[in-house]
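Participant: Prediction below, plus the sequence it came from.
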Amino acid sequence: MNRTTSIALVALFTSAAALSLFAQQSPTTRQASTGGKSPHETTSAVIDRDRVTITYGRPFSKNPANGEMRKIWGGLVPYGKAWRMGSDEATLLITQNPIVFGETTIPAGAYTLYLVPMEDGTAKLAFSSKLGGWGIPVDETKDVARIEGKKESTASQIDQFTISVGKGESGGGVIKLMWENTQFSFPFTVAK
């Protein structure tokens with residue numbers, strides 16, 4: 001095993017151990033330990049023998065300062081600008097194997113995720129090599145790739161920002177981002 005592979009594996013296992021400890025905390029404990037106002041969550045799925053894990057903060061539609069409902073898309077989440085996909089610490093994705101979105105392959109490893117939504121309804125999911133930090137400001141110079149997503153309306157109002165990782169309808173997997181009345185989907189396959 002070469003040195004680069006060894007370092008990557010150590011980083012991956014260290015991140016996985018930290019996520020495991022983080023996931024074992026209750027939302028209240030996590031909120032208190034991070035000083036944030038939004039609960040945090042870890043979502044994970046095994047797709048074709050590859051575990052894909054995402055850890056993120058889950059803000060609510062209601063303003064924590066005054067309880068009023070906020071406009072999410074085009075308001076709290078501005079169009080045409082990088083959004084950290086959640087609250088507090090940067091959103092983290094870990095994949096044990098390379099995953100493929102269309103023609104773009106994301107190598108195995110850990111990445112910060114963020115989203116660039118546009119007013120025309122399109123959105124790009126960005127994978128950044130810059131790990132850690134508070135999630136803002138987003139350093140777009142560290143992008144590994146940006147993936148085009150599919151926008152759909154949700155059947156009901158989603159009060160709290162939600163990310164899911166699961167099996168895709170036609171095989172492979174899918175990452176979904178849901179909030180307010182909108183869902184963005186990013187289907188992927190696992191590289192062989």
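Facilitator: Thanks, I have the structure now. Residues are numbered from 1 along each chain as shown.
Participant: Tell me which helix or strand in the protein has the weakest average pLDDT.
Facilitator: When the helices and strands of the chain are scored by mean pLDDT, DSSP states H and E, helix 27-34 comes last with a mean of 39.
Participant: Pull stretch 92-99 out as PDB, backbone CA atoms only.
Facilitator: C-alpha atoms of stretch 92-99 as PDB (Å, rounded to 0.1, in the frame of the first residue of the first chain):
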ATOM      1  CA  LEU A  92     -19.600  16.700   5.500                       C
ATOM      2  CA  LEU A  93     -19.900  13.800   3.000                       C
ATOM      3  CA  ILE A  94     -17.800  10.700   3.300                       C
ATOM      4  CA  THR A  95     -17.700   7.900   0.700                       C
ATOM      5  CA  GLN A  96     -15.700   4.700   1.000                       C
ATOM      6  CA  ASN A  97     -15.600   4.200  -2.800                       C
ATOM      7  CA  PRO A  98     -15.700   6.600  -5.800                       C
ATOM      8  CA  ILE A  99     -19.200   7.700  -6.700                       C
END
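Participant: Run the chain-centre distance for it.
Facilitator: Offset of stretch 92-99 from its chain centre (C-alpha atoms, centre = their mean, to the nearest Å): 11 Å.
Participant: Tell me which residues are up against that stretch.
Facilitator: With contact meaning C-beta atoms under 8 Å, 6 or more residues apart in numbering, stretch 92-99 is reached by 12, 15-16, 19, 49-56, 105-113, 127, 131, 173, 188-191. C-beta coordinates here come from the backbone N, C-alpha and C atoms, glycine included.
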